[in-house]
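>>> take this sequence and fold it.
(chains A and B)
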Amino acid sequence: MRYLPLTDHDRQDMLASIGASSIDDLFVDVPEGLLQSGPLDLPRHQSEMAVERAMEALAKQNRSAGEGPFFLGAGGYRHHIPATVKHLISRGEFLTAYTPYQPEISQGTLQVLFEFQSQVVRLTGMEVANASMYDGSTACAEAVLMARRISKKKKVIVSGGLHPQYADVIRTMTRFTDDDVNFQAPTPHIDDDALIAVLDDQTSCVVVQNPDVFGNVRDLTSLAEAAHAVGALLIATVTEIVSLGAIRSPGEMGADIVVGEGQSIGNALSFGGPYLGLFATRLRYVRQMPGRLCGETVDSDGKRGFVLTLSTREQHIRREKATSNICTNSGLCALAFSIHLSLLGEKGLRQMAHINHMRAVQLVDALGQIEGVEVLNDTFFNEVTIRVPGDARELVNRLAELGILAGVSGGRLFDSLTDMADLIILAATETTTDEDIHALASALREALS
Amino acid sequence: MSDIRYSEDHEWIILDGDVGTIGISDYAQGALGDVVFVEMPEIGASLDKGAEVGVIESVKAASEIYTPVSGEIVAVNEAVDGDPSLVNTDPLGEGWLFKIKLSKPEELNGLSNQDAYNKFLEGLD
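Now for the predicted structure:
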């Protein structure tokens, strides 16, 4: 095939046919402050050795999670990843960014995705899961769009316990649609009553998170019943998937769509991405589900094999009527998830979840003894919210200077809400040590005295 | 029962009183290939002529179903739900899709009879 580059004339023709006068016109929707106007402020080219040295100096400015006491969570969690995971995902047979289209040459990858889906189904208590989404937040927004397709109703109710950045993604994805999205005010307390109060027969779905962004473990049963009574779907979001090793799955509590962030299993924090969106639902909704789906079948000799299935939902076939514009998945992150979870097994996951909770109990006990610190949670898995006197963000920054990453402040997460400014959300995992908790408690006690 | 009439979207309709039974033509099922799923309209929905009422999925494509007349959906073919291949084996009989109570019976006049539809198909080749 010949490679035929576009001429200026071709470009002008294409611009004219869509009514744009220049290439820049295509970017008018990008907010001005986010557009790169001039050239990047980078130094002139240098030798490889000089660049390596410069990059190492830059890397030293970063403080990595493993260097000391670390209590950050709020959507991304530090867990131990066995060395086996990195070794196996680096194998040439697996290490590709591409979703496999051709079953003839991709049986290994397709089987991995099938196993991954089966694991997600069992974890979430659902009946079918897709081959993954970009991350938890986009999975959550896609679930809102899917509920609209199923219910054919426009009203969406979003719990104040949903991670605010997930709420932002829903806001972005529905900005140009006529969906009527009701965001409840964030509150560190369970807001089921407020959600049920605004629920009516115009409601398409209710979006909740469990454990919620403040760490509360919620019983979704009555909310699911209230939603179903008016023909609405319950979307449950899980940002700490390890929690499902210890608490009831959203599926068992009546959720219709379960979305989640799978980073916690097999994937590092990595500055917030690439992450792993989990998406699962009931079988009766499968045709409205976004994303790629891997299925088991038999070949012409009757032997077990794997294929991408129900592709008629997808963009390359359905075009503008597709269930979603996602045409890919987070293949490598899903692989890491599946390998780690397979290594753990059911028993291992339960143990891991148990240790997480034990560490969090230890953390809460230590924090509760500090004068001025109030633990707000009645229930929690591995994450809790505390109230401190004064500006929590400033306090967190002060502790960071001492080498202690003391959690995510309310000001950082909910920047415009002043009633969140004295909150800190802290997570403990199996990587948290007695010394870490002791160091945090001492530093906090000193800072608040 | 009236004679069969066809739309240019390859749906057929046969009228019984003021209720029309609608399916896809033999040509359409042949072009689609093996039908694996039919998304049916909701009973009670009121639709204008040409509105999308459902989707037919085959092993190679997914196509929208359009209603050739305006009216209210009064029945859908549950048998096709259970066995979508009926659309292939008997498109003009057992494989019917839904029944609609016509709100504008005069719209039938705009549809083709068998001969006109056959000529239309010849023009497509």
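
>>> which stretches in chain B count as strands?
Along chain B, the stretches classed as strands by DSSP state E are B:5-6, B:11-16, B:19-24, B:35-39, B:46-47, B:52-58, B:62-66, B:71-76, B:98-102.

>>> nearest to chain A, of those strands?
For those, proximity to chain A was assessed by Cβ to the nearest Cβ; strand B:62-66 is nearest, at 3.9 Å. Backbone N, C-alpha and C define where each C-beta goes, glycine included.

>>> which residues of chain B lie near chain A?
Within chain B, the residues that sit near chain A (Cβ under 8 Å from any Cβ of the partner chain) are B:37, B:39, B:57, B:61, B:62, B:64.

>>> need the strands of chain B in JSON lines (columns: distance to residue A:259, mean neighbour count and mean pLDDT).
What follows is the strands of chain B, written out as JSON lines (distance: least, Cβ to Cβ, whole Å; neighbours: other Cβ atoms under 10 Å in any protein chain shown; pLDDT from 0 to 100):
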{"stretch": "strand B:5-6", "distance to residue A:259": "45", "mean neighbour count": "23", "mean pLDDT": "94"}
{"stretch": "strand B:11-16", "distance to residue A:259": "38", "mean neighbour count": "19", "mean pLDDT": "94"}
{"stretch": "strand B:19-24", "distance to residue A:259": "36", "mean neighbour count": "23", "mean pLDDT": "95"}
{"stretch": "strand B:35-39", "distance to residue A:259": "24", "mean neighbour count": "19", "mean pLDDT": "92"}
{"stretch": "strand B:46-47", "distance to residue A:259": "33", "mean neighbour count": "16", "mean pLDDT": "92"}
{"stretch": "strand B:52-58", "distance to residue A:259": "25", "mean neighbour count": "19", "mean pLDDT": "91"}
{"stretch": "strand B:62-66", "distance to residue A:259": "25", "mean neighbour count": "19", "mean pLDDT": "90"}
{"stretch": "strand B:71-76", "distance to residue A:259": "31", "mean neighbour count": "18", "mean pLDDT": "95"}
{"stretch": "strand B:98-102", "distance to residue A:259": "34", "mean neighbour count": "21", "mean pLDDT": "95"}
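
>>> same list (those) but as TSV, adding distance to residue A:434.
Listed next are the strands of chain B as TSV, based on distance: least, Cβ to Cβ, whole Å:
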stretch	distance to residue A:434
strand B:5-6	79
strand B:11-16	72
strand B:19-24	70
strand B:35-39	57
strand B:46-47	68
strand B:52-58	58
strand B:62-66	58
strand B:71-76	65
strand B:98-102	68
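
>>> I'd like the distance between residue A:161 and residue A:275.
20 Å (Cβ to Cβ, to the nearest Å).

>>> for residue A:330, give me phi and psi.
Backbone geometry at residue A:330, expressed as degrees, to the nearest 10, gives phi -100, psi 70.

>>> for the one 3 residues further on, same thing?
For residue A:333, the backbone dihedrals (degrees, to the nearest 10) come out as phi -70, psi -40.

>>> nearest spatial neighbour of it, skipping sequence neighbours?
residue A:276 (3.9 Å; Cβ to Cβ, 6 or more residues apart in numbering or on different chains).

>>> report how many residues lie close to the one you found.
Residues near residue A:276, counting by other Cβ atoms under 10 Å in any protein chain shown, number 31.

>>> just checking, it touches residue A:262?
Yes: Residue A:276 lies in contact with residue A:262 (Cβ atoms under 8 Å); the separation is 3.6 Å.

>>> tell me, what's touching these two both at once?
Residues touching both residue A:276 and residue A:262 (Cβ atoms under 8 Å, 6 or more residues apart in numbering or on different chains) are A:132, A:333, A:334, A:337.
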